[in-house]
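[1] Sequence isn't available, so here's the structure alone:
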């Protein structure tokens, strides 16, 4: 099994509105991309300066499933949306 974790920090006006939209977009991928076993998004509650704003956690059966997700048109739409935002992103993929 592969776990794919992404942290986003966005720096835009109307930040809470954008975070809510991003959370819904992430969670909707679970209905659109067959290779996703599980996907969730959580908004940060930590007051630390080093904290990111939102986390994505997803699971795939194998690396091939992750690759299909990454190439899927609905995932590409999410990436294109993120490119329009001033953001920092951190990613970790690992196998269990």
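    Great, that's in hand. Note that this is a predicted model, so its numbers are computed, not measured.
[2] in this protein, which spans are helices?
    Using DSSP state H, the helices assigned to the chain run over residues 15-32, 63-71, 73-83.
[3] Can you check which of the ones you listed gets nearest to residue 45?
    helix 15-32 (12.1 Å; CB to CB). C-beta: built from backbone N, CA, C; applies to glycine.
[4] Bridge partners for the residue lying closest to residue 27 once chain neighbours are set aside, pull those for me.
    Closest residue in space to residue 27, ignoring its immediate chain neighbours: residue 41 at 5.5 Å, by CB to CB, 6 or more residues apart in numbering. Note on residue 41: beta-bridge partners by DSSP bridges are residue 56.
[5] could you dump the helices of the chain to a markdown table with mean neighbour count and distance to residue 94?
    Listed next are the helices of the chain as a markdown table, based on neighbours: other CB atoms under 10 Å; distance: least, CB to CB, whole Å:
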| stretch | mean neighbour count | distance to residue 94 |
| --- | --- | --- |
| helix 15-32 | 15 | 19 |
| helix 63-71 | 15 | 11 |
| helix 73-83 | 12 | 19 |
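[6] before we move on, the earlier item: relative to residue 50, how far out is the residue nearest to residue 27?
    The gap separating residue 41 from residue 50 is 20 Å, by CB to CB, to the nearest Å.
[7] Compare the two and say which is more crowded by neighbours.
    Neighbour count, other CB atoms under 10 Å: between residue 41 and residue 50, residue 41 has more, with 21 against 6.
[8] For stretch 32-47, which outside residues touch it?
    Contact with stretch 32-47 is made by 1, 19, 22-23, 26-27, 29-30, 51-61, 64-66, 68-69, 72, 74-75, as judged by CB atoms under 8 Å, 6 or more residues apart in numbering.
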